[in-house]
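**Q** Show me the folded form of this:
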Amino acid sequence: APFKNSFRVLNAVGPTSYSSEPVADVLRSWYGDSHNIEGIETFEFTGRERAPLYDCNATFQELGWRPQIDLNAGVSLVRKAVILVIHKRVESIHQRTWLDMANKLASCTRTEKGCEYYDFFKVDKDDTMFFIVERWASETHLSHHAN
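**A** Reported below is the predicted structural model:
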């Protein structure tokens, strides 16, 4: 059979297309004249200019999953996590006491809302230097921790 420009792919990306240009224009730039592209008229109706290129319903029927985030709706996917790396010098004679305190503090901190990671490490090349590494879901979570 001769090649026919058309498509059917399951959409695992999102419920709308993510292009500054309407879908029909993008398809024309790829394949040429719209009369040779089966289904392009779907993207030429008002309100359908950026409809999904892929069939979201087929994904739901076959996988039981439907894309939820519509990037054209202005939902931000940017994480606003806060990562801290703290350098702490602890003289050798105080390390046992400091480590006991640091272990207790780490156990409590890890249970705080918004704490995604909290740990500390001794630096290999400096017996008195430790790194404390913290990751918080947001500035607000870090502020609650600090107060």
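
**Q** longest helix anywhere in the protein?
**A** helix 95-109 (DSSP state H).

**Q** Flag every buried residue along that one.
**A** Across helix 95-109, burial judged by 16 or more other Cβ atoms under 10 Å covers 102, 109. C-beta coordinates here come from the backbone N, C-alpha and C atoms, glycine included.

**Q** quick one: strands adjacent to the helix or strand immediately after that helix in the chain?
**A** Where DSSP states H and E defines the elements, the next helix or strand beyond helix 95-109 is strand 115-122. Strand 115-122 has its sheet partners listed here by DSSP bridges as strand 129-136 (antiparallel).

**Q** I'd like to check the angle between the partner strand and helix 95-109, please.
**A** Computed by axes from the mean of the first three to the mean of the last three Cα atoms, to 10 degrees, the angle separating strand 129-136 from helix 95-109 equals 0 degrees.

**Q** Name the residues that touch strand 129-136?
**A** Among residues not part of strand 129-136, those counted as contacts by Cβ atoms under 8 Å, 6 or more residues apart in numbering are 81-90, 102, 109, 114-123, 142, 145.

**Q** Below-threshold pLDDT in this structure: ranges please.
**A** Filtered on pLDDT under 70, the chain yields the residue ranges 1-20, 33-35, 53-56, 58-59, 62-79.

**Q** and residue 128, how many residues sit next to it?
**A** Per other Cβ atoms under 10 Å, the neighbour tally for residue 128 reads 13.
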